[in-house]
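Peer 1: Would you be able to build a 3D model of this:
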Amino acid sequence: MTTGLLPGEIGRPALPADRPPRVAEIVASAHDLLEHEGPESLSMRRLASEVGMRAPSLYKHFSSKAAVELALVEDALLDVMFDIPERADIRKCIITEETIRRSRPPLLLTQAQLDKGVDETNYDAVIEGASA
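Peer 2: Model (predicted):
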């Protein structure tokens, strides 16, 4: 068992092996919709239209819109955790529902920030302080 690895110390894993090509296409289309038109554009009906199927057929691949969103979060986590520079001092990554809802970047905390008590409860203050 390997423990104590930090982001950047191992290679990015492949996407989940059980993701069929059609599911990958749906997730990619959902990502494009979010990126170009925002979260309000993501509906099962719209997503089905984007991939050339009817909404009921989409439910054969995903049980709900939340399942599509979960796949998007899974991909985003892989991007965040494995695209951090190799020598980064990142010790904790915070992604909350509010982070996703407001399209905010995840909070990447260094050991110094953790020592100062930064966590989920003061996320907004950290974001505001970083942009000030």
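
Peer 1: Quick check, pLDDT for residue 10.
Peer 2: Reported pLDDT at residue 10 in the predicted model: 50.

Peer 1: Least confident secondary structure element in this protein?
Peer 2: Least confident helix or strand of the chain, by mean pLDDT, DSSP states H and E, is helix 123-131 with a mean of 68.

Peer 1: Please, where are all the strands along this protein?
Peer 2: 90-94, 107-110 (DSSP state E).

Peer 1: List the pairing partners of the last one within its sheet, with orientation.
Peer 2: Using DSSP bridges, the neighbouring strands of strand 107-110 in the sheet come out as strand 90-94 (antiparallel).

Peer 1: what residue ranges in this structure score low on pLDDT?
Peer 2: Along the chain, segments meeting pLDDT under 70 span 1-18, 80-90, 123, 126-127, 130-132.

Peer 1: Tell me which of the strands of the chain sits nearest to residue 28.
Peer 2: In terms of CB to CB, the element of those nearest to residue 28 is strand 90-94, at 23.2 Å. For the C-beta atoms, the positions are set from N, CA and C on the backbone; glycine is no exception.

Peer 1: Kindly reformat the strands of the chain as a markdown table containing distance to residue 56.
Peer 2: A markdown table is the format used below for the strands of the chain (distance: least, CB to CB, whole Å):
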| stretch | distance to residue 56 |
| --- | --- |
| strand 90-94 | 37 |
| strand 107-110 | 39 |
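
Peer 1: of all those strands, which gets the most neighbours per residue?
Peer 2: Mean neighbour count (mean count of other CB atoms under 10 Å) peaks for strand 107-110 among the strands of the chain, with a mean of 18.

Peer 1: Can you dump the C-alpha atoms of that strand in CSV for me?
Peer 2: Extracted C-alpha coordinates of strand 107-110, given in CSV (Å, rounded to 0.1, in the frame of the first residue of the first chain):
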residue,chain,number,x,y,z
LEU,A,107,-9.5,25.6,-2.7
LEU,A,108,-6.0,24.2,-2.7
LEU,A,109,-4.4,24.6,0.8
THR,A,110,-0.7,24.5,1.7
